[in-house]
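Chemist: Everything below, folded, please.
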Amino acid sequence: MPRLAVSSPRPWFAAGLFVSLALSTFAPASLAAPVATADFTVHVDARETARGLLHVTQTFPAKSGTLSLSYPRWLPGEHGPTGPSVDVAGFVARSNGRTLSWKRDPADMTTMRITVPSGSSQVVLAFDFLLDNGKDGFTSAACSTPNLLLLSWCEVLFYPSGRKSDALTVSASVVLPEGWSHASSLAEKPSGEGIAFEPCTLTQLVDAPLLTGRHFRTVDLAPGAAHPVRLQMACDSPEGLAIPDREADALRSLVREARTLFGGEHFRHYDFLLPMSENIAHFGLEHHESSEDRGRERWWLDDAMRLNHSNLLSHEYVHSWNGKYRRPRGLATGDYSTPMNGELLWVYEGLTQYLGFVLAARSGIRTPEEARDVLASVAAEMESNRGRVWRPLVDTGTHAQELYESRTAWRHWRRGTDFYDEGLLVWLDADVTIRTLTKGSKSLDDFCRAFHGGPFQGPEVKAYELADVIAALNAVAPHDWAAFFRERVYEPQPHAPLGGVNGGGWKLAWVDSLGPVQSANEEADERVTETYSLGIELDKDGKLRDVVPGSPADMAGLAPDMKIAAVNGRRYSKDVLRDAIAASAQSGKVELLCENKEFFRSFSLEYRGGRRHPAIERDAGRSDLVSDILAAHARAD
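Modeler: Numbering: from 1, shown residues only. As a prediction, this is how the structure comes out:
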């Protein structure tokens, strides 16, 4: 039922009365009793999701003195201090019917210190979490509409400060809007109102988001398997749930191919949690027994949308093995307050990007042509990234927590989170190197089975250092792997690591039209990519998102955030620009009239290369190892 007190505007002097009434009227009876089977409880009332409000009640055992509670700050999978504590409002603590005083720690602003009076045995906490409508960002960005919600527990709880997440047991429950369905990797238990989950560790709770919605569908991706895998979809429309049979079959093949690659699973069951809407942030986030795969409403209905999302599910699925089960020690901090060290993100994310790319091809999510188009795009983009001359790849991981939030402007000079796509190229190079060293008898698949395999023991974390990675590679194919990675990862390099492309029997080439995935990405992201001709990337309105150092645009003096008003004397459009680029083969130049804030200036770009988009073509003098890598490996059940 509506909570009118929450929805009504209230002056500051009524805040205490409001929360007092909320606690006495709306807290479930089970949460009013002392905590017995858990270190604390969390209850979420999600019935006002459509208004962007989640109402939270928590209970903690307490005694007189100071109760210190922390809000999760450093979030697994986001590799940075991204916990949205600014969206906590109406924070009130009570004990024995009394409102308690509290103070925020001025140094660690995600920690609240509550003064608990004598005679208290527990503290009841109430606050609202304000759901964000902005689509830029990750977990803290838009995750809800009037028809669906992706609930991340890390956003709606505080926990006892200084405690490791594995050492804390939580009892969680939620009330959903009427008629909504849901899915989560958590085990449920009987409940009088809403949904209650079996007590679990704080680690498990934060690692188990809940997807819920009005329009919902479940698809079994591993019928009869010992460890079930399901596709769980919530969409703004019932039509968006209509996944074609061929796509469902490709996802079933993905499950088989991953099992073949790794030799088994480390989850009891796995759920792909897919909220689909134009009104949410679009990205993926890994969890051990599920993944958040936030996509567009017409994901399954539009070929461009399908291609734009075609790496997401395979990438996040790989993370169950590489990132959740095997994790760099610097990212396995054990709590949500300790800063993370992202030095090995080129393994955590880079290897996952490579294996997700491989499995998408092996399973049929992408056709061989589409996979090669992706590889060409990655190779060309990393080669054009001139920040590599001053910044080694490893530094993009160490600096990841800030690079995730960096501007698009001057990205080709600054570098971004390149450990994803350049990591793909590094690990393709490693795979081709192993195949070459062993004359085809071994591959990176053997490394994955040894490093990520092992007996099933349920979800667990096995932390590693770089030395462990090198030792496991040497066990597969003896080589100076330390030097291999030092050159490609730890030292600045003038060129992208294309050894895997070239040694795999292919080479980067240039054509006059976009490939299928490049075209889909342009359409879905509403951008225009002329990175490899004039050296510019634009939004749909002609505003420059970035300029490549050393390119014709750079040499002419263009800069990000300028807006192209005209091309060769004609009003700008994407087609007019591309026609002018094509004509440059004869004219030798492209004339641009640009607006820079409120000032206009003409620029003459010396260029005669015509349309120029990346592709890869066969090198007949080498064996086609790339096609071998991307071919299906698993047998159909």
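
Chemist: Nearest spatial neighbour of Pro72, chain-adjacent residues omitted?
Modeler: Tyr336 (3.7 Å; Cβ to Cβ, 6 or more residues apart in numbering). Just so you know, the C-beta spots here come from the backbone N, C-alpha and C atoms, and that holds for glycine as well.

Chemist: Helix or strand: which one has Arg259?
Modeler: Using DSSP states H and E, Arg259 falls within helix 245-262.

Chemist: Please name the residues that touch the residue nearest to Pro72.
Modeler: Neighbour list for Tyr336: Ser70, Pro72, Arg73, Trp74, Leu75, Gly83, Cys154, Tyr159, Ser165, Val206 [criterion: Cβ atoms under 8 Å, 6 or more residues apart in numbering].

Chemist: got it, and Pro459?
Modeler: Per Cβ under 8 Å, 6+ apart, neighbours of Pro459: Gln204, Asp207, His266, Phe267, Arg268, His288, Glu289, Lys324, Tyr325.

Chemist: how close does it get to Leu69?
Modeler: 26 Å (Cβ to Cβ, to the nearest Å).

Chemist: Pro84 too?
Modeler: Taking Cβ to Cβ, one finds Pro84 at 16 Å from Leu69.

Chemist: cool, and Arg298?
Modeler: In terms of Cβ to Cβ, Arg298 sits 42 Å off from Leu69.

Chemist: Output stretch 163-173 as CSV, nothing but the C-alphas.
Modeler: In CSV, the C-alpha atoms belonging to stretch 163-173 read as follows (Å, rounded to 0.1, in the frame of the first residue of the first chain):
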residue,chain,number,x,y,z
ARG,A,163,34.0,-6.5,9.8
LYS,A,164,34.9,-8.7,6.9
SER,A,165,31.9,-9.5,4.7
ASP,A,166,32.5,-13.3,4.9
ALA,A,167,32.2,-13.0,8.7
LEU,A,168,28.8,-11.3,8.7
THR,A,169,25.5,-13.1,8.4
VAL,A,170,22.5,-11.2,7.0
SER,A,171,18.8,-11.9,6.9
ALA,A,172,17.2,-10.1,3.9
SER,A,173,13.6,-9.7,2.7
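
Chemist: per-domain residue ranges of this structure.
Modeler: 1-141+153-208, 326-505, 516-614 (automatic domain parsing).

Chemist: for those domains, which one ends up most surrounded?
Modeler: Stretch with highest mean neighbour count among those: domain 326-505 (a mean of 20; mean count of other Cβ atoms under 10 Å).

Chemist: Span of it from start to end?
Modeler: End-to-end distance for domain 326-505: 31 Å, by Cα to Cα, to the nearest Å.

Chemist: chain center to that domain: distance?
Modeler: Here domain 326-505 is found 16 Å from its chain centre; the criterion is Cα atoms, centre = their mean, to the nearest Å.

Chemist: Give the rounded mean pLDDT of that domain.
Modeler: The average pLDDT for domain 326-505 rounds to 97.

Chemist: And stretch 93-107, by the same measure?
Modeler: Per-residue scores along stretch 93-107 average to 96.

Chemist: so who does Met555 touch?
Modeler: Met555 touches Leu605, Glu606, counting by Cβ under 8 Å, 6+ apart.

Chemist: confidence score at the residue lying closest to Cys154 once chain neighbours are set aside?
Modeler: Leaving aside its chain neighbours, Cys154 sits nearest to Pro72 (4.2 Å; criterion: Cβ to Cβ, 6+ apart). pLDDT, Pro72: 96.

Chemist: you'd agree Leu359 is up against Phe262?
Modeler: No - with contacts counted by Cβ atoms under 8 Å, Leu359 stays clear of Phe262, the gap being 10.2 Å.
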